[in-house]
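> Starting from these lines, generate the structure:
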Amino acid sequence: MAEVTFIGLGNMGLPMALNLLKAGHSVTGFDLAKDQVKILVDAGGKSTEDINYTIQTTDVVISMLPSGKIVKSVYLGDQGIIENAPDNLLLIDSSTIDVETARDVAKNAISKNLHIVDAPVSGGVGGAQAGTLTFMVGGENSAFDRAKEFLDIMGGNIIYAGLSGNGQAAKICNNMLLGISMIGTAEAFNLAENLGLNAQTFFDISSTASGQCWSMTSYCPVPGPVPSSPANNNYEPGFASALMLKDLRLSQEAARMTSSSTPLGANATSIYEEIEKLGHDGIDFSGVIKLLQNKLK
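Residues are numbered from 1 along each chain as shown. Down below sits the predicted model:
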């Protein structure tokens, strides 16, 4: 049994922490939302108000935080984890952040004789609850080897992407592609409807033809064809448009930094920004079809 400190008990972090607890590890959680911490404690976990004190006797720190700025505040500086951690502590950051920040944090951690991986996830809240997340992991091989035992509990696919920051690079590129493909799928269904083609009929054809993609067959943006998709639950978010926009903005930041041409990524970003401007970024990202249908006001 390991001592785990888990920082960030939001919609993703809490079920991840609970899965570690169910696997027999001792989990101490920290979050500014006390009701989230209480759920962990009620399930048999512990809470802390002093992370730097707690990490002195912990085996691994896992974080799931909303932005690179917050990751920096938690890990860097005189009061950050890296400056105050004991030698050889394992750090796993599963936040989705910019590559530059991930590499900066890793560089600082390694200089202090710590083991660190960036391990962002794909799979949404459902995957976090079921323990079937895909982890895209960047870091030194030795750190990955240590982290894998914990990642295996929280995920179904653990993929080593290379050195520090490469986990974030994989996540950003994957979600840029996902955003683009969802918009394309939504456009196709919207056009099919306007041409008088039934959505189920179009699905039956395209899902077995060259237009097939995950956004169609697993997460169809129209009600009916895929019963488990958010389209059949009023677009309640499995993955909110706001989170898709965050990842698309990260992709465009990375594109500018590397002088990479991503015209479709840029267009996808502007489309999800329109949803944000209309005040509907809480809907599932597949709800982009409602924007195309002029149903978001």
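
> Give the burial count for Lys107, as a bare number.
Here the number of neighbours of Lys107 (other CB atoms under 10 Å) works out to 13. Yep, even glycine has a C-beta here, placed from its N, CA and C like the rest.

> An error on my part: the question was meant for Gln168.
Gln168 has 28 neighbours, counted by other CB under 10 Å.

> How about Ser122?
Ser122, neighbours per other CB under 10 Å, totals 19.

> Where do the helices of the stretch 101-250 of the chain begin and end?
Along the stretch 101-250 of the chain, counting by DSSP state H, counting those that start in this stretch, helices occupy 124-130, 141-154, 166-194, 199-206, 214-217, 241-258.

> Could I get the ones you listed in a markdown table, plus columns for distance to Lys34 and mean pLDDT?
A markdown table is the format used below for the helices of the stretch 101-250 of the chain (distance: least, CB to CB, whole Å; pLDDT from 0 to 100):
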| stretch | distance to Lys34 | mean pLDDT |
| --- | --- | --- |
| helix 124-130 | 20 | 91 |
| helix 141-154 | 23 | 98 |
| helix 166-194 | 29 | 97 |
| helix 199-206 | 44 | 98 |
| helix 214-217 | 37 | 97 |
| helix 241-258 | 23 | 97 |
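
> Most tightly packed of those helices?
For the helices of the stretch 101-250 of the chain, ranked by mean neighbour count under the definition mean count of other CB atoms under 10 Å, the leader is helix 166-194 at a mean of 21.

> Taking helix 141-154 as reference, get the angle to it.
Using axes from the mean of the first three to the mean of the last three CA atoms, to 10 degrees, one finds that helix 166-194 and helix 141-154 are set 40 degrees apart in direction.

> what's the nearest residue to the spatially most central residue of the chain if we skip its chain neighbours?
For the chain, the residue lying nearest the average C-alpha position, counting by CA atoms, centre = their mean, turns out to be Val121 (4.5 Å). Excluding the flanking residues, the one nearest Val121 by CB to CB, 6 or more residues apart in numbering is Leu133, at 4.4 Å.

> Now for the one you found, how many residues are close by?
Here the count is done by other CB under 10 Å, and Leu133 has 26 residues near it.

> what about it, distance to Ile82?
Taken as CB to CB, to the nearest Å, the spacing of Leu133 relative to Ile82 amounts to 25 Å.

> again with Gly224
Where Ile82 is concerned, Gly224 sits at a distance of 50 Å (CB to CB).

> what's the domain layout of the chain?
If the domains of the chain are taken from automatic domain parsing, they occupy 3-163, 169-292, with pieces of a single domain joined by a plus sign.

> Quick check: phi and psi on Ala85?
Backbone geometry at Ala85, expressed as degrees, to the nearest 10, gives phi -80, psi 150.

> Spit out the contact partners of it.
Taking CB atoms under 8 Å, 6 or more residues apart in numbering as the contact definition, Ala85 lies against Ile55, Val61, Leu91, Lys112, Leu114.

> Just the buried subset of those, please.
Among those, those classed as buried by 16 or more other CB atoms under 10 Å are Ile55, Val61, Leu91, Leu114.

> Among those residues, which lie within strands?
For the buried ones among the contacts of Ala85, the ones inside strands are Val61, Leu91, with DSSP state E as the criterion.

> ok, the buried ones among the contacts of Ala85 vs Gly10, which is closest?
Distances from Gly10 to those, taken as CB to CB, are shortest for Val61 (16.4 Å).
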